[in-house]
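Asker: Sequence below, structure please.
(chains A, B, C and D)
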Protein chains: 4
Amino acid sequence: MNIKQIVEQSDTKAGKIFDLTIQFLIFVSLIMFSVSTIPDLSERSLQIFHITQIITVTIFSLEYLLRIFVADKKLAYIFSFYGVVDLLAILPFYLSSTVDLRSIRILRLFRLFRIFKVVRYSKAVNKYKAAFFEMKEELVLFSLATLFVIYIAAVGIYYFENEVQPENFKSVFHSLWWAVATLTTVGYGDVFPITIGGRLFTFLVLMIGLSIVAVPAGLLASALQNINKDKDKE
Amino acid sequence: MNIKQIVEQSDTKAGKIFDLTIQFLIFVSLIMFSVSTIPDLSERSLQIFHITQIITVTIFSLEYLLRIFVADKKLAYIFSFYGVVDLLAILPFYLSSTVDLRSIRILRLFRLFRIFKVVRYSKAVNKYKAAFFEMKEELVLFSLATLFVIYIAAVGIYYFENEVQPENFKSVFHSLWWAVATLTTVGYGDVFPITIGGRLFTFLVLMIGLSIVAVPAGLLASALQNINKDKDKE
Amino acid sequence: MNIKQIVEQSDTKAGKIFDLTIQFLIFVSLIMFSVSTIPDLSERSLQIFHITQIITVTIFSLEYLLRIFVADKKLAYIFSFYGVVDLLAILPFYLSSTVDLRSIRILRLFRLFRIFKVVRYSKAVNKYKAAFFEMKEELVLFSLATLFVIYIAAVGIYYFENEVQPENFKSVFHSLWWAVATLTTVGYGDVFPITIGGRLFTFLVLMIGLSIVAVPAGLLASALQNINKDKDKE
Amino acid sequence: MNIKQIVEQSDTKAGKIFDLTIQFLIFVSLIMFSVSTIPDLSERSLQIFHITQIITVTIFSLEYLLRIFVADKKLAYIFSFYGVVDLLAILPFYLSSTVDLRSIRILRLFRLFRIFKVVRYSKAVNKYKAAFFEMKEELVLFSLATLFVIYIAAVGIYYFENEVQPENFKSVFHSLWWAVATLTTVGYGDVFPITIGGRLFTFLVLMIGLSIVAVPAGLLASALQNINKDKDKE
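Answerer: The predicted structure is shown next:
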């Protein structure tokens, strides 16, 4: 029962050390992963990365087996969100040594799933979840409304700009990129309307669109604040 | 009375299937429309689009006639918002085969009105409407204030930049484009002030303008949250 | 007493017509002003503008005299906000025919003050004012904090980028332009950091800065909503 | 006791004058610092800056000594936040005359710490602090979530764009710059995705990311409003 407590809970000292060790290793392995994408690294760095990877994957694998071992319902853990994440975090390493070289690139991406292992330890995520669920209906509505607005914007701008800028607004799909960049107010400046009609349309779409696209953040903020208020009352 | 229930309501099984079929066809027809804007499509694709269009328009036409048929007040339906939308969604197809080719381009835009047919099925829209009406006065006020700020910004920047950048800030109307892109914080980067005066003015306009332009989204968010709260109390 | 009612109030029919006429003329004169900035206008257009200007200024002058005439405390009106605006709206016209040509350009800007004449008629402005005053202290605090953040950002980026991009980050003042464009998230793309230090600094400044710069809009929105709620209770 | 009151409090007339003098000198010294970064200044300007600097540093030094002198617990003041800031505001001047020339550039940056001296005088900062602490947990959560989202975005875009734009998306670290500029919606336009996958990914990241990155400002705004409301009740 002792190992179960250490692995699954964090109220004992040993449990805390276990948690922090895993978190630290996740952090190390993410840093290593990021550094390894830098081109033209020296032979020695690559070697260090490889050794670190072997160590972290070994520990993550042991952790995975431990978690299965201590779980009351072993299958339930394996197919739970964290169970899948724990597996995906180690799988690429084992596959990359057996599968042929070409698919490795995509497999490496899987390693990133380790980051989701951290979420397990952040209790505050629950608050966000609560806020999210309180506002679920509205958030879904506004996500759909955002898609709706982006689509309308793309079709509209296609009609105004396609003839003058056939390269940038080649089709409705190409125009979608402009719509996304514009309605999120990122505005890279790689595509923008140059006709009077297109500019007027952009103005209209922004006036209406911004009060739809920007709403979700406001909703989450006020829901979070509400949850905080309720807790203060208790 | 059975057909009426199927067409106008969605609480029976047949009614739900009818609704989902129409929604699916709207979705298909929008995808087809978007794909058809891609240049240099093969003969075969164009043929597929044409056939799909004939099928969807036929079904939409039948739906339109059905809706007229089952409506208690037929004229009221025809001139209602959804009645007009249902007509506009099929009209371009019939017109494009009779009217001469040049105006077809604009007619095709009308097909997009099909998207508004989906709104009928989204009950959550009512919530947004309620939030919108609760805040109507403020939203109108801030829309006018936004226009006001954009106009002032355009005139101001015209005076500062017109002499140095006569191409980008040719007239107050040309400057309006800069004002829109700046105050919505899109900032494409196609036009921007280069004089010290123009930059100081931009700073001032942004400091004042942003707390006017960004307010509507906040208003809608808190109104939506209020409506949610009221429902929880009931 | 009849003229006084017409000019100063809008609850009688004549008063409403008077108000709408003035508002319409302000609108016309603003459009005319904007159009007149378009380069290479025909002789005839310029003539039309000139005639329109004479008519509107004459009416605005009569309105100004009327307002003085009907005011109980004539001096109080003349030196009130609207009194000054009413004067500034007609002054440029009279001065431009007497003063020498060079200063006319700046004088023309004064004509824009006419736009503030419209504010008189918008009663909803009071709500915004109330929200503004409820949050006055916070808004002043955040405006100062914004200036503070922008200044710190400008000095910081100057140290990181000045050596590598001496043209774009010539001095702290030049860097201020970058700070304004970045912290308002406009991001024109005319200046941006290219050093690693500068980019890390930008990230830090944005993380901290955005939760200061974006607050005022949120404050105004919730204050406005509060005022609305209080009204509903009454 | 008289000097103590003047230096540490601001409810007497002398205390207010003392405070305003120091604030004015901070302001002057910041302006001087900023102006001194302009390249190619005349010999005379540099001389003026030097003299102003000697005067302000002398007064700041006297102020520092005075504050130590009047403090009840001298060491506590010296190691307090304001004690350190007061020292850092004068230190660079003394060090720059003794230490060799190369490190001066960095030392000059220290002078900027003077700006934090102003914070002492702004009582409204307490309100912001209170709002900040009310929302501390959420703000920390969202800061971490923002880092999380930015990291995921950087890795994702690296996979999509690295092959096509090896210069702009050289490694995960290079991609982080894109992620920061995009998720804060600054969008300079120096780096942006060009592949279909990269653009779709950008859209997804923005849809999810914006409702995380933009939340802190909303949280602070509603916390501030709450604090205001509580005060009104008292």
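
Asker: Might you name the residue of chain A sitting closest to chain B?
Answerer: Closest residue of chain A to chain B, C-beta to the nearest C-beta: residue A:218 (2.8 Å). For the C-beta atoms, the positions are set from N, CA and C on the backbone; glycine is no exception.

Asker: what about that residue, which SS state?
Answerer: What DSSP: H, G, I helix; E, B strand; the rest coil gives for residue A:218 is helix.

Asker: So for it, what's the pLDDT?
Answerer: With respect to pLDDT, residue A:218 scores 78.

Asker: Might one say that it is in contact with residue B:216?
Answerer: No: look at residue A:218 against residue B:216 with C-beta atoms under 8 Å: they stay out of range, at 10.3 Å.

Asker: ok, the two, which is more surrounded?
Answerer: The residue with more neighbours, out of residue A:218 and residue B:216 and counting by other C-beta atoms under 10 Å in any protein chain shown, is residue A:218; that gives 30 against 27.

Asker: lowest-pLDDT helix or strand in chain A?
Answerer: Within chain A, no helix or strand scores below helix A:104-111, which has a mean of 60 by mean pLDDT, DSSP states H and E.

Asker: which ones are touching whatever residue of chain A ends up closest to chain D?
Answerer: Taking C-beta to the nearest C-beta as the measure, the point where chain A comes nearest chain D is residue A:221, at 2.8 Å. Applying C-beta atoms under 8 Å, 6 or more residues apart in numbering or on different chains to residue A:221 gives the contacts B:221, C:218, D:215, D:217-219, D:221-222.

Asker: got it, and residue A:209?
Answerer: When contacts are counted by C-beta under 8 Å, 6+ apart, residue A:209 is found next to A:149-150, A:153, A:183.

Asker: Quick check: it vs residue B:125, distance?
Answerer: Distance of residue A:209 to residue B:125, given as C-beta to C-beta, to the nearest Å: 16 Å.

Asker: Out of the contacts of residue A:209, give me the one that has the most neighbours.
Answerer: Using other C-beta under 10 Å as the neighbour test, the contacts of residue A:209 are led by residue A:183, with 26 neighbours.

Asker: could you pull out the helices for chain A?
Answerer: Under the criterion DSSP state H, chain A carries helices at the ranges A:2-8, A:13-35, A:43-70, A:74-78, A:81-96, A:104-111, A:115-119, A:125-134, A:136-161, A:172-183, A:196-213, A:215-233.

Asker: Of the ones you listed, which shows the lowest average pLDDT?
Answerer: Mean pLDDT per stretch puts helix A:104-111 lowest among the helices of chain A, at a mean of 60.

Asker: Not counting sequence-adjacent ones, nearest residue to residue A:56?
Answerer: residue A:29 (4.4 Å; C-beta to C-beta, 6 or more residues apart in numbering or on different chains).

Asker: show me what contacts the residue in chain A that chain C sits nearest to?
Answerer: Across chain A, no residue is closer to chain C than residue A:189, which sits at 5.2 Å (C-beta to the nearest C-beta). For residue A:189, the contacting residues are B:187-190, C:188-189, D:187, D:189, taking C-beta under 8 Å, 6+ apart as the criterion.

Asker: In the residues you listed, find the pair that's most separated.
Answerer: By the measure C-beta to C-beta, the contacts of residue A:189 have their two most distant members at B:190 and D:187, which lie 12.9 Å apart.

Asker: Could you check which of these two is surrounded by more residues?
Answerer: Between residue B:190 and residue D:187, counted using other C-beta under 10 Å, residue D:187 has the larger neighbour count: 31 against 17.

Asker: Look at the spatially closest residue to the more buried one that is not a sequence neighbour and report its pLDDT.
Answerer: Closest residue to residue D:187 apart from its sequence neighbours, by C-beta to C-beta, 6+ apart: residue A:186 at 3.6 Å. The predicted structure scores residue A:186 at 92 on the pLDDT scale.
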